[in-house]
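1. structure, please.
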Amino acid sequence: MLDDHRVLYNAALQERRDAYRHPPKTRIRSGDQPAQVKDIRAGDPDEASPNDALR
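-> Just a heads-up that it's a prediction; the model follows:
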């Protein structure tokens with residue numbers, strides 16, 4: 001699970017770096033990446049809610 005979070009964080013960081021280096025080509029709004037994370041987690045059956053593990 002930790003490795004999955006690391007990969008996701010690094011991908012998001014690279015996306016922000018690319019957007020910063022090429023502003024006219026790439027634009028990332030403040031809500032874009034959180035929405036992408038929700039979509040990624042919803043499509044990953046291994047990503048259960050952290051609260052599910054406590055039940």
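2. what residue lies at the spatial centre of this protein?
-> The chain has residue 37 as the residue nearest its centroid, 3.9 Å off, counting by CA atoms, centre = their mean.
3. and it, how close does it get to residue 22?
-> Residue 37 is 22 Å from residue 22, where distance means CB to CB, to the nearest Å. (Glycine included, C-beta is placed from N, CA and C.)
4. what number of residues are in the vicinity of residue 6?
-> When counting by other CB atoms under 10 Å, one arrives at 10 neighbours for residue 6.
5. next up, the contacts around it.
-> Listed by CB atoms under 8 Å, 6 or more residues apart in numbering, the contact set of residue 6 is empty.
6. where's it, which helix or strand?
-> helix 2-21 (DSSP states H and E).
7. residue 39 too?
-> Assigned by DSSP H and E, residue 39 falls in helix 32-42.
8. point out where this structure drops to low pLDDT.
-> 45, 47-55 (pLDDT under 70).
9. in stretch 5-25, what's buried?
-> Neighbour counts using 16 or more other CB atoms under 10 Å place 8, 12 of stretch 5-25 among the buried residues.
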